[in-house]
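> Predicted coordinates and the sequence they were generated for:
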Amino acid sequence: MSDDANISLKTEQGGMSAHRTGREFELKFSTDSAGLRRVLALELFAGMPASRAQRQKTTYFDTETGRLLQNSISLRLRQMPRNRNVITLKAPHPDRPSGFERLELEIPIGDAGFNVSMSDAAIQDQIRPYTQDAPLVARYGTDVRRRIINIQHGRSQFEVALDSGSFIVGDQAYPLHEVEIELRSGDRADAIEFSKSLALQANLTLETISKSQRCALFAGLSVPVRRQTGGELQPDHLLDSAIGIILSECLQHFIDHIHPFRNERSPASIHQMRVGLRRLRAALKIFAKSFPESSFRDFAGRARILASGLGDARECDVFYHLAFDEALSHSSRPDDFIHLKEGLLVLRDDARQRAAALIESPETLTFILDMQAYLFRHGWRSEVPDAHFLMMAAPAAKFARNSLDNLLRQAQKRGKNLTKRSDEERHEFRIALKNLRYNADFFSTLFSGTKVTKAWFADLRQLQDLLGLQNDLANAQIMIERIKAFAPGDFSTSAGFVIGWQACNSQAADRRIGKSWRRLKRQTPFWH
């Protein structure tokens, strides 16, 4: 529980119940038993003894249909020694995109059992919109032995918890070894910097979902990915606030899809991680143009390297869909398609392994934590010259109009005589449109006129889709050459089918691109 927690008394049916409410800030890292020993042996903890291990049994409750899980809410009973049992509710923080920060409501219940209706009305108020008074049942839990190390770091205090035990799902147990760093008071960025040092020295893996969500995965349930909100800017937001909101949202977009990739290796998770990084770069680049602030450019460069490292896996997924869900999906496909498919699967497996290694690398860990600490500290304020503080304190809408006008002019310049442009020039135009679309999406809520906004975005998306078909043809030709080194035999007939199929799509798109671009240019931009 962080320093804005408070202790209050609330009258319930049957008496008084002390409870704590506040904002929890916590980082979690998974490891194994050897990793926990490495942590305890670190010089980082010299002179800071760990407590004796205490057993904690936790049971998570939900409706039969998992309504709390589907809304990223956990409700648990934690049983601890000497009847210090606690019911805890955790839910997403409504005002903060960071997944490291949650709302928490904690009610000590002594030796009483789990009974929300008798223990605290505050919990009922929180969960009723989701449960609609459906009965709560025990779904799964954990059984761990926990050791605590209390840390004073700079002006901040936090608790390092080392957990070793099991996730319990039905009659099955799965190993659990985890390190949690919870801020008790002080600066969130201090906790991040300490956590980064700890994770790098002990080779820990950043966890992006909660224990209850990992239990749900072991139970075969679907864990929802947080809905991307687009920044949630309001017309009265100043630019300083807008910078933090937009960058936080983009970073969390990337983080949200790390665990789905770990769990499923799904094409959608790779795609969404890259989208999150591209959105982040698009925002960082427009801020870097307006402010001589090196961190904006530095983070944009690091995001580009990560996105590029995930590119091969994404290109393999796109080509698989194009080749086997479209061009070669019919019964009259050539017999040599199997060689193309086998070669692609080998290439895709290699690309996914490299993507997985990158995601778990120190470079990705430090990027996430460095960026998150920068956001919590509002790092741009320390570097911006005094002359730019007035711009920071101005309404975000003014900055948005100027930036979107500049991005639109860049797109118009690259789209001049579009139908006569080379493939490379059209690709540059496509990138300019992406930067325009991402930034327009960030700032769209600052301006009124829903119908105008929807129409403008619809025309932009259509043009991007048409340009994407042309880009797919160029990428298909590159992929076929790459696959040859991995295929067990010749697949030239199937390759011709794929290229011919995509060439037809590209030709059809080419006939529509000019008209689509002219229609978009006639639209009055929604920010005017």
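Thanks, I have the structure now.

> and the helix or strand harbouring Glu104, what other elements does it pack with?
Element membership of Glu104, judged by DSSP states H and E, is strand 101-110. Applying 3 or more Cβ pairs under 8 Å, 6 or more residues apart in numbering; DSSP states H and E, we find strand 101-110 packed against strand 15-30, strand 85-92, helix 121-131. (Each C-beta comes from the backbone N, C-alpha and C, glycine too.)

> if we compare the ones you listed, which one ends up closest to Arg401?
Of all the helices and strands packed on strand 101-110, it is strand 85-92 that lies closest to Arg401, at 31.6 Å by Cβ to Cβ.

> May I have the strands that pair with the closest one, each with its orientation?
strand 74-79 (antiparallel), strand 101-110 (antiparallel) (DSSP bridges).

> any chance of those strands in CSV, with mean pLDDT too?
Output for the strands paired with strand 85-92, formatted as CSV (pLDDT from 0 to 100):
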stretch, mean pLDDT
strand 74-79, 92
strand 101-110, 86
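
> Highest mean neighbour count out of those strands?
Burial of the strands paired with strand 85-92 is given as mean neighbour count (mean count of other Cβ atoms under 10 Å); strand 74-79 ranks first at a mean of 20.

> Give me the distance from that strand to the chain's centre.
26 Å (Cα atoms, centre = their mean, to the nearest Å).

> Just the residues contacting that strand, thanks.
56-62, 68, 85-91, 113-114, 116, 123, 127, 136, 141, 210, 212-213 (Cβ atoms under 8 Å, 6 or more residues apart in numbering).

> Kindly report the same for stretch 314-331.
Stretch 314-331 is contacted by residues 267, 270-271, 274, 334, 337, 340-341, 344, 347-348, 351-352, 472, 475-476, 479, 494, 497-498, 500-502 when judged by Cβ under 8 Å, 6+ apart.

> quick one: contacts for the closest residue to Pro362 other than its chain neighbours?
With sequence-adjacent residues excluded and distances taken as Cβ to Cβ, 6 or more residues apart in numbering, Pro362 is closest to Leu200, at 5.9 Å. Listed by Cβ under 8 Å, 6+ apart, the contact set of Leu200 reads 362, 365-366.

> Wait, a helix at Leu200?
Yes: according to DSSP: H, G, I helix; E, B strand; the rest coil, the state of Leu200 is that of a helix.

> Quick check: it vs Arg511, distance?
When distance is defined by Cβ to Cβ, to the nearest Å, Leu200 is 54 Å away from Arg511.

> Now render the contacts of Leu200 as JSON lines, adding neighbour count and distance to Ser294.
Output for those, formatted as JSON lines (neighbours: other Cβ atoms under 10 Å; distance: Cβ to Cβ, whole Å):
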{"residue": "Pro362", "neighbour count": "11", "distance to Ser294": "22"}
{"residue": "Leu365", "neighbour count": "19", "distance to Ser294": "22"}
{"residue": "Thr366", "neighbour count": "14", "distance to Ser294": "17"}
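
> Filter those down to the ones in helices?
Secondary structure from DSSP state H places 362, 365-366 of the contacts of Leu200 in helices.
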